[in-house]
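Enquirer: Provided below are the primary sequence and the corresponding predicted coordinates.
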Amino acid sequence: MTGRAFRFGVALQAAADRREWKEKCRKAEDIGFDTISVIDHLGKPAPFPAMITAAEATERARIGTYVLDATFYTPALLVRDIATTDLLIDGRLELGLAAGRPSASREKLHTLGMPYPTPAERAALLEHVVADLHRLFTDPAVNPDPSRRRPPLLLAGRGERVLRLAAQHADIIAFNGGADGPNGRVGLPVFAGAKAMAERVERVRALLGDRIAEVEFNHEAPAVMVTSARRTALERLQHLAPSLSIEERGEVPGFLVGTAEQIADKLRRNRERFGFRYITVLEGGLDAMAPVIELLRQR
C-alpha cells in the first residue's frame, strides 16, 4: 500500500439550496476531509452538477462519487460526464463506481421505467462499464479532451466477482463490510464482523499480486458516534448488525464508536490489520469526525 498517512472522505447527500450545499462542502474541507463525495441514489441530487458546485466551494479537497451506480448509466455518456466534470474542476475528480444496491423498491423502479437487475446482473453491468471506461476515455468521439488522464478509479463491493474486478482495475478498493442479506434490501446493508472483513482483505491481497503497492484500501464507516457511553451506543447499532454480539459489533471496522481517542486508536488498529488508511464516513459523521481527524493529524 502506498504511504501510511490517513486520508478521510465524507459522502454528502443533499442540501436545501445552492448556498447550503456550498457551505456544507466548505465545512467538510475546513474539518480536514481530503475527499468530498456525493452519493448516487434516486431522490438525491444528481452527482455531476453537485460535484461541480462542491469544487467551486472548496480549494484543495478531491471531489468524488461514493459511489456511482453502474446500472444507471450508458458507458459512452458516462465517460463524457466524467471527462467534462474532471476538466471543469481542474483534475480533482475521484471516480467511485459500484454494482449498486437498490435505492428504491422493485415496484417503484418499475413505475419509473428503470431496470431492477439481479446481483449477478449488476456485477456484469459493472464489469461492462469498467471495460468501456478504459476503452472510451481516449476516444475523441466521446471524450471532449481525450488526452487527459482518467481520474483515479475507486471500485466498491464485497462479492468475489466485484473484488476480482477491483483487484484488476481499481486505484482504490473500497470495502463496505456488508453481510449477506435479503436481495433487494433498500438502504444500508447489514454488516459482517471483523473476521469476514479480514477474509475479504486477504483475498484481495492475494488477487492483487504485484499491484498491491499501487492500490489504496478504503472502508466505509456507516456509524460515527463520539461518546463516553460506548456500550450503550453499540446497543443502538443492533439493527445494522443483528447477528453480532455487542462485543463483536465493537470490532466491526466501520463502527466508529467511543471517545475520539478510542476511535482514533481503532482506526490505527484497522490500518495495521486491514491496511485501511482511507476512511469514508456518511454525512451523519461529518461533525463527529472533527476531533478524530484532529487527533490523527497530530501524529
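Expert: Okay, I see it.

Enquirer: in the longest helix along the chain, what's buried?
Expert: In the chain, taking DSSP state H as the definition, the longest helix is helix 119-136. By neighbour count with 16 or more other Cβ atoms under 10 Å, helix 119-136 contains the buried residues R122, A123, A124, L125, L126, E127, V129, V130, D132, L133, L136. (Glycine included, C-beta is placed from N, CA and C.)

Enquirer: what packs against that helix?
Expert: Here helix 119-136 touches helix 75-88, strand 93-98, strand 153-157, helix 160-169, going by 3 or more Cβ pairs under 8 Å, 6 or more residues apart in numbering; DSSP states H and E.

Enquirer: repeat the analysis, applying 10 Å as the threshold.
Expert: strand 68-69, helix 75-88, strand 93-98, strand 153-157, helix 160-169 (3 or more Cβ pairs under 10 Å, 6 or more residues apart in numbering; DSSP states H and E).

Enquirer: put the alpha carbons of it into PDB.
Expert: Coordinates of each C-alpha in helix 119-136 appear next as PDB, following Å, rounded to 0.1, in the frame of the first residue of the first chain:
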ATOM      1  CA  PRO A 119     -26.900  -9.100  -8.100                       C
ATOM      2  CA  ALA A 120     -25.300 -11.200 -10.800                       C
ATOM      3  CA  GLU A 121     -26.600  -8.900 -13.500                       C
ATOM      4  CA  ARG A 122     -25.400  -5.800 -11.500                       C
ATOM      5  CA  ALA A 123     -21.900  -7.300 -11.300                       C
ATOM      6  CA  ALA A 124     -21.900  -8.000 -15.100                       C
ATOM      7  CA  LEU A 125     -23.000  -4.400 -15.800                       C
ATOM      8  CA  LEU A 126     -20.200  -3.100 -13.600                       C
ATOM      9  CA  GLU A 127     -17.700  -5.200 -15.500                       C
ATOM     10  CA  HIS A 128     -19.000  -3.900 -18.800                       C
ATOM     11  CA  VAL A 129     -18.800  -0.200 -17.600                       C
ATOM     12  CA  VAL A 130     -15.300  -0.600 -16.300                       C
ATOM     13  CA  ALA A 131     -14.100  -2.200 -19.600                       C
ATOM     14  CA  ASP A 132     -15.800   0.600 -21.600                       C
ATOM     15  CA  LEU A 133     -14.300   3.300 -19.400                       C
ATOM     16  CA  HIS A 134     -10.800   2.200 -20.300                       C
ATOM     17  CA  ARG A 135     -11.700   1.900 -24.000                       C
ATOM     18  CA  LEU A 136     -13.700   5.100 -24.400                       C
END
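
Enquirer: any idea how far that helix is from the chain center?
Expert: Relative to its chain's centre, helix 119-136 lies at 18 Å (Cα atoms, centre = their mean, to the nearest Å).

Enquirer: can you show me the helices along this protein?
Expert: Under DSSP H, the chain gives helices at 18-31, 47-57, 75-88, 106-111, 119-136, 160-169, 194-208, 230-235, 246-251, 260-274, 289-297.

Enquirer: rank those helices by pLDDT, which is bottom?
Expert: Mean pLDDT is lowest for helix 106-111 among the helices of the chain, at a mean of 84.

Enquirer: how about that helix: buried residues?
Expert: Quick answer for helix 106-111 (16+ other Cβ under 10 Å): L109.

Enquirer: stretch 70-79 now?
Expert: In stretch 70-79, counting by 16+ other Cβ under 10 Å, buried: A70, T71, F72, Y73, P75, L78, V79.

Enquirer: go on, stretch 195-202?
Expert: A196, M197, R200, V201.

Enquirer: kindly report the same for stretch 264-283.
Expert: For stretch 264-283, by 16+ other Cβ under 10 Å, it's 264, 266-267, 270-271, 274-282.

Enquirer: distance from that stretch to the middle of the chain?
Expert: 13 Å.

Enquirer: circling back to that earlier point, with distance to G100 as extra columns, can I get the buried residues of stretch 195-202 in CSV?
Expert: Formatted as CSV, the buried residues of stretch 195-202 follow (distance: Cβ to Cβ, whole Å):
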residue, distance to G100
A196, 21
M197, 21
R200, 19
V201, 22
